[in-house]
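Chemist: pasting the structure only:
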């Protein structure tokens, strides 16, 4: 038993101190995942594949999670701020049941995802 | 004829038993984060659980003992108290996760926040047990459980890349995020090799008065039931890998997983996901609740049985009543159901040895199983998988907690 | 017969196969000048607690005394044992023994008052 515990514990402890670089990578990953979720939900909603309530809840949840990530890395990055705004627009579209207007937001979010991805790539090369 | 019907019903209920919140959540997480790479864990876990479920049925049929009875009798109470307490704690977390799964399913369908559903769901579970008609309802729920086959149908619509699939049957380490990969592998093993299944299955076999003539039925039910169940798990993993991973969605929450069937099936896909999750978790929640009452009652020699009227088994019914309502606390305090699920599945892997080691001793003891002892293959497979799951758990859980 | 293997920790049932606890302890009487005699089987929380830890035993003992339940383990004379096959069968009526004290209490004070529990 002891033989397994010790290396496990050591490994755990060394992983404890996360550098700011790792924090950034993690936060960007979460942000990308939730942005992609918002996009998929938006598209599914536009095609009538998911109910309104669920769409709203998931968009709001995406906002919250992305907010959390942004706070964690404490950044005023333009793309991330734009992303937040796009999500807010999407929520409004769903509220007003405007399936045409959301197309614009969907294009927007796609662009922002690409930007975050590029950013993450640069970060990855630096580290 | 009745044996064939029994095999059929047995298979259907074991699919229900196999599929629970753990199987669905871990597969979805695995597929979305690592593509097909973790398929090997599902296959290994399934082979191991087939052997173990067959063993618990064989133990019951030959020795007329449930697993809990036999362990206490063979090793004494001073030993059995440890696996008992460990199992009750894990059951508590797993039940919380199962109830959470049902609540999430209801939230997806109605839009009403999952916390509102916790008590009504617990009440429904309790009512079914209290009315003592579980045996009847179990089969019904399991039949509904066949909707989960939607995941298998989805594979055919999505046409995954076959060479990549077969390659992933061999274990491999990923290029990045190794700790999380190991943690998910542990959770998959813990989700598939659930100790509650063995206690539950052997109790059912004793209650149905199995004898040696049922050994064939037992073998068929264990291998086909668990095998079909795992096909659904594999389906969830493949669908998540095909639909969510390419978009960069990693499943951190059930809301994300709920999207995976909309691509192949449209609106019905969303409904199918919610219904599959709800039914699988509801069936499993019933079983976990009963299982806990079983093992406590069997440890202390009380009257127990799924079809007994509460007045014939007052202590037994009190245990499940208290247990099912207290497990809702985990949801009511706002724990995230998906994180709760992954954590309790990984914890299951930690306690596996305390359950499996005495179990294996029994299965090699002629006093209990006579000539129907384990062969070296079943001993070997179970020992190997248990050690692997335990070592992985000890390494991966601290990493997940402190590193993430 | 192997006392520890075949009797201790086995299921106790009454003459109607009603489950009434486990064999939580075995009492052997030492008699001067004569071979030891198998006197009683014990069942109940206190017997079980005593096997686990003396302090646990004291707690449960005190607790049971406060509730006015049988604080000593229920003892069954060995002569009442009919069979030690899969279960240990005793020639008594379980409902009339202290072994089911808690069962009866729960049934009459709790279960009965919940709808559908009568």
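Modeler: Here it is on my side, so go on. Remember, it's a predicted structure, so these values are computed and weren't measured experimentally.
Chemist: spell out which residues of the stretch 1-150 of chain B are next to chain C.
Modeler: For the stretch 1-150 of chain B, the residues in contact with chain C (C-beta under 8 Å from any C-beta of the partner chain) are B:63-65, B:69, B:72-74, B:76-78, B:81, B:130-131. For the C-beta atoms, the positions are set from N, CA and C on the backbone; glycine is no exception.
Chemist: for those residues, give me CSV that also has pLDDT.
Modeler: Formatted as CSV, the residues of the stretch 1-150 of chain B next to chain C follow (pLDDT from 0 to 100):
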residue, pLDDT
B:63, 95
B:64, 94
B:65, 95
B:69, 95
B:72, 96
B:73, 94
B:74, 93
B:76, 94
B:77, 94
B:78, 94
B:81, 95
B:130, 90
B:131, 86
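Chemist: of those, just the buried ones, ChimeraX syntax please.
Modeler: Per 16 or more other C-beta atoms under 10 Å in any protein chain shown, the buried members of the residues of the stretch 1-150 of chain B next to chain C correspond to this ChimeraX selection:
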select /B:63,64,65,69,72,73,74,77,130
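Chemist: list just the nearest of the residues of the stretch 1-150 of chain B next to chain C to residue B:329.
Modeler: residue B:130 (20.1 Å; C-beta to C-beta).
Chemist: report the contact partners of the closest one.
Modeler: B:310, B:317, B:321, C:114, C:116, C:117 (C-beta atoms under 8 Å, 6 or more residues apart in numbering or on different chains).
Chemist: farthest-separated two in those?
Modeler: B:321 and C:116, at 11.7 Å, using C-beta to C-beta across those.
Chemist: for those two, indicate the residue with more neighbours.
Modeler: Legend: neighbour count by other C-beta atoms under 10 Å in any protein chain shown for residue B:321 and residue C:116, higher for residue B:321 (21 against 12).
Chemist: so what's the residue lying closest to that one once chain neighbours are set aside up against?
Modeler: Distances taken as C-beta to C-beta, 6 or more residues apart in numbering or on different chains place residue B:126 nearest to residue B:321, at 6.1 Å, with adjacent residues excluded. By C-beta under 8 Å, 6+ apart, the residues touching residue B:126 are B:289, B:320, B:321, B:324, B:325.
Chemist: which among the residues of the stretch 1-150 of chain B next to chain C gets closest to residue A:73?
Modeler: residue B:81 (48.2 Å).
Chemist: check whether the helix or strand where that closest one lies comes near chain A.
Modeler: Here residue B:81 sits within helix B:77-110, counting by DSSP states H and E. Yes - under the criterion of C-beta under 8 Å from any C-beta, chain A is reached by helix B:77-110 at B:107, B:108, B:109, B:110.
Chemist: quick one: pLDDT of residue A:12?
Modeler: In this model, residue A:12 is scored at 44, pLDDT.
Chemist: and for the one 5 residues further on?
Modeler: Listed pLDDT for residue A:17 reads 53.
Chemist: same check on residue C:84?
Modeler: Reported pLDDT for residue C:84: 86.
Chemist: residue C:77 contacts residue C:40, correct?
Modeler: Yes - the pair residue C:77 and residue C:40 qualifies as a contact (C-beta atoms under 8 Å) at a distance of 6.0 Å.
Chemist: list the contacts of residue B:23.
Modeler: The contact partners of residue B:23, by C-beta under 8 Å, 6+ apart, come to B:191, B:192, B:229, B:232, B:233, B:236, B:280.
Chemist: now the fourth one: closest residue in space that isn't a chain neighbour?
Modeler: Distance criterion C-beta to C-beta, 6+ apart; nearest residue to residue B:232, sequence neighbours excluded, is residue B:148 at 4.8 Å.
Chemist: which elements pack onto the lowest-mean-pLDDT helix or strand in chain C?
Modeler: Evaluated with mean pLDDT, DSSP states H and E, the helix-and-strand set of chain C has its lowest mean pLDDT in helix C:54-67, which scores a mean of 85. With contacts defined as 3 or more C-beta pairs under 8 Å, 6 or more residues apart in numbering or on different chains; DSSP states H and E, the packing partners of helix C:54-67 are helix C:45-52.
Chemist: mind listing what's buried along the helix it packs on?
Modeler: Of the residues in helix C:45-52, those buried (16+ other C-beta under 10 Å) are C:45, C:46, C:47, C:48, C:49, C:50, C:51.
Chemist: what's the angle between the helix holding residue B:81 and helix C:45-52?
Modeler: Interaxial angle, helix B:77-110 versus helix C:45-52 (axes from the mean of the first three to the mean of the last three C-alpha atoms, to 10 degrees): 110 degrees.
Chemist: what about residue B:274, how many residues close to it?
Modeler: Residue B:274: 22 neighbours (other C-beta under 10 Å).
Chemist: now do residue B:402
Modeler: If you count neighbours by other C-beta under 10 Å, residue B:402 ends up with 17.
Chemist: give me the pLDDT for it.
Modeler: The model reports residue B:402 with a pLDDT of 77.
Chemist: spell out which parts of chain C neighbour chain B.
Modeler: Checking chain C against chain B by C-beta under 8 Å from any C-beta, the hits are C:4-5, C:8-12, C:18-22, C:24, C:43, C:48, C:51-52, C:86, C:102-104, C:106-107, C:110-112, C:114, C:116-118.
Chemist: make a ChimeraX selection of the buried ones in these.
Modeler: A single ChimeraX command selects the buried members of these (16+ other C-beta under 10 Å):
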select /C:8,9,10,11,12,18,19,20,21,22,24,43,48,51,102,103,106,107,111,117
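Chemist: narrow the residues of chain C next to chain B to those in strands?
Modeler: C:11, C:12, C:19, C:20, C:21, C:22, C:43 (DSSP state E).
Chemist: returning to that earlier point: when residue C:77 and residue C:40 are compared, which one has more neighbours?
Modeler: residue C:40 (18 against 14).
Chemist: helix C:45-52 and the helix or strand harbouring that one, what's the angle between them?
Modeler: Residue C:40 belongs to strand C:37-43 when assigned by DSSP H and E. Between strand C:37-43 and helix C:45-52, the angle comes out at 110 degrees (the same axes, to 10 degrees).
Chemist: flag every buried residue along strand C:37-43.
Modeler: So, applying 16+ other C-beta under 10 Å, buried residues of strand C:37-43: C:38, C:39, C:40, C:41, C:42, C:43.
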